[in-house]
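**Q** one predicted model, sequence on top.
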Amino acid sequence: MARRLTADEWTSVRKEFETDPRLSFGDLAKKFGISKQSIHAHAKAEGWQRVISLQELHERAQLRADRLVDGKPDDPALASSRLDGIDEATARRAAVLERHRTEWNMPRKIAYEAAQTRDLEKARLAKTIAEALRNVQEGERKAWGLDAAENPTGGAVIVIDRG
């Protein structure tokens, strides 16, 4: 027998559904240990609606990442007037984007040093690091759905959020 959720737990389910466009009823059912049908019934009865699209979430994350990389505090204009969950999801994606941008400083620095000293081994190291970094970041961008918003007509995006 499926467990019964408290009112606070149902509020959490609704907040996640409405603020994370990647989550399906099935995803939420697994996370909260209840049936998809139960979630569907609540959503229909209470009129749940997605309050942000993956495109809008991506755009907000890009803006926030720009500000983080520039060393500027968050602009109050980016604050969500809908739900705190939107800001949460945006902040997580912006942190990933900010990290991606700053990670490129290392191979760039090594490549510049290699060019200045004409050190072929150092140049190979920079290339190897850059290729590995590109592969890691490409996988992470797919996992977070960061490129899906840029190519909305593309194929399916699989997102695993373990945060």
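**A** Cool, got the structure.
**Q** the longest helix that the chain contains - what's its average pLDDT?
**A** Ranked by number of residues, the top helix in the chain under DSSP state H is helix 120-144. Computed over helix 120-144, the mean pLDDT rounds to 91.
**Q** buried residues in that helix?
**A** 122, 123, 125, 126, 129, 130, 137, 141, 144 (16 or more other CB atoms under 10 Å). In this view, the C-beta of every residue, glycine as well, is placed from N, C-alpha and C.
**Q** only alpha carbons, please: show the lowest-mean-pLDDT helix or strand in the chain as CSV.
**A** Among the helices and strands of the chain, helix 54-69 carries the lowest confidence by mean pLDDT, DSSP states H and E, at a mean of 73. Provided in CSV are the C-alpha atoms of helix 54-69 (Å, rounded to 0.1, in the frame of the first residue of the first chain):
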residue,chain,number,x,y,z
LEU,A,54,13.1,25.2,-19.4
GLN,A,55,13.9,28.1,-21.8
GLU,A,56,13.1,30.7,-19.2
LEU,A,57,15.0,28.8,-16.5
HIS,A,58,18.0,28.5,-18.8
GLU,A,59,17.9,32.3,-19.5
ARG,A,60,17.7,33.1,-15.9
ALA,A,61,20.6,30.8,-15.1
GLN,A,62,22.7,32.5,-17.9
LEU,A,63,22.0,35.9,-16.4
ARG,A,64,22.8,34.9,-12.9
ALA,A,65,26.0,33.1,-14.1
ASP,A,66,27.1,36.3,-15.9
ARG,A,67,26.7,38.3,-12.7
LEU,A,68,28.6,35.7,-10.7
VAL,A,69,31.5,35.6,-13.1
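**Q** right, and the helix or strand after it?
**A** Using DSSP states H and E, the helix or strand that follows helix 54-69 in sequence is helix 84-103.
**Q** is residue 88 in contact with residue 19, as I believe?
**A** Yes - with contact defined as CB atoms under 8 Å, residue 88 reaches residue 19; the gap is 7.4 Å.
**Q** so which of these two has more stuff around it?
**A** Per other CB atoms under 10 Å, whichever of residue 88 and residue 19 has more neighbours is residue 19, with 22 against 16.
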